[in-house]
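Novice: Sequence unavailable; structure follows:
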């Protein structure tokens, strides 16, 4: 099993009041599967994605990635796991404004220090070619359209060849045409690389194009 979440709870507290968001989520994701998690705003979809991806500790429960309990790893080990094995694509892109397209995409591999700078740049160029941005290498994020920014974010997420990709409303800031192109791109990479994909969205039409749809309701997942 690629990823398995068991009895995930997440409770937020301000000292006097508590807000339970996740109330015993269980989920198993096989390698190469493309699943969607849908639900209304405020249901906890992004919170669940962050917990599954090792970004936010659960209040209770465990997340296993290829058999390892990621929240029993030390912080440095969990960061390394995210960098090398897990990709993230967010609604608001989170590109570094002062970096060019090429630099944004190369950065995760530079952090991993898996190869020399020349090899890293070559990998980044190949990835940008795959997402159709070979003509935008020296541009800055402010010079790109929303769809182009999301393509850069996808290339950056894939530069280290992750085993699983988490997408948090990746089409939320795009028009329907650009959004459709982004989903088709993610789907093609999913099939080509046998990479697992978890898509969080409120768009049921997008969700229904995936292999399996889960609904987050009242803090739990239902098929």
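Specialist: Structure's in. What do you need? All figures in this text were calculated on a predicted structure; none of them were measured in a lab.

Novice: May I ask which helix or strand encompasses the nearest residue to residue 212 once chain neighbours are set aside?
Specialist: Using Cβ to Cβ, 6 or more residues apart in numbering and skipping residues adjacent in sequence, the residue nearest residue 212 is residue 35, 4.7 Å away. From N, CA and C alone the C-beta is placed, and that goes for glycine too. According to DSSP states H and E, residue 35 maps onto strand 34-38.

Novice: List the beta-bridge partners for the residue nearest to residue 212.
Specialist: residue 198, residue 212 (DSSP bridges).

Novice: quick one: contacts of the strand holding residue 35?
Specialist: 29, 45, 48-49, 187, 190, 196-204, 206-208, 210-216, 221 (Cβ atoms under 8 Å, 6 or more residues apart in numbering).

Novice: Narrow these to those that are buried.
Specialist: Neighbour counting by 16 or more other Cβ atoms under 10 Å classes 29, 45, 48-49, 190, 196-201, 203, 206-207, 210, 213-216, 221 among those as buried.

Novice: hey, which helix or strand in the protein has the poorest pLDDT?
Specialist: The helix or strand of the chain with the lowest confidence, counting by mean pLDDT, DSSP states H and E, is helix 204-207 at a mean of 86.

Novice: I'd like the distance from that one to the chain centre, please.
Specialist: 17 Å (Cα atoms, centre = their mean, to the nearest Å).

Novice: Need the contact partners of it.
Specialist: 36, 38, 171, 179, 183, 199, 201, 213.

Novice: let's see 10 Å
Specialist: 35-39, 167, 169-171, 176, 179-180, 182-183, 199-201, 213-215 (Cβ atoms under 10 Å, 6 or more residues apart in numbering).

Novice: Report the contact partners of residue 214.
Specialist: 25, 27, 35-39, 45, 48, 198, 200, 207, 220-223.

Novice: Specify which member of those is nearest to residue 163.
Specialist: Nearest to residue 163 out of the contacts of residue 214 is residue 198 (Cβ to Cβ; 11.8 Å).

Novice: what are the ranges of the strands in the protein?
Specialist: 3-13, 18-29, 34-38, 60-65, 68-69, 86-90, 164-168, 196-201, 212-217, 220-222 (DSSP state E).

Novice: now for these, which one comes closest to residue 146?
Specialist: Across the strands of the chain, closest to residue 146 is strand 86-90 (Cβ to Cβ), at 12.8 Å.

Novice: Pull out the buried positions in the closest one.
Specialist: For strand 86-90, by 16+ other Cβ under 10 Å, it's 86-90.

Novice: Pairing partners for it, with directions?
Specialist: strand 164-168 (parallel).

Novice: Direction-wise, compare the strand it pairs with with strand 196-201 and give the angle.
Specialist: Orientation check (axes from the mean of the first three to the mean of the last three Cα atoms, to 10 degrees): strand 164-168 against strand 196-201 gives 10 degrees.

Novice: what's the average pLDDT for strand 164-168?
Specialist: Mean pLDDT, strand 164-168: 95.

Novice: How far does it sit from its chain's centre?
Specialist: 2 Å.
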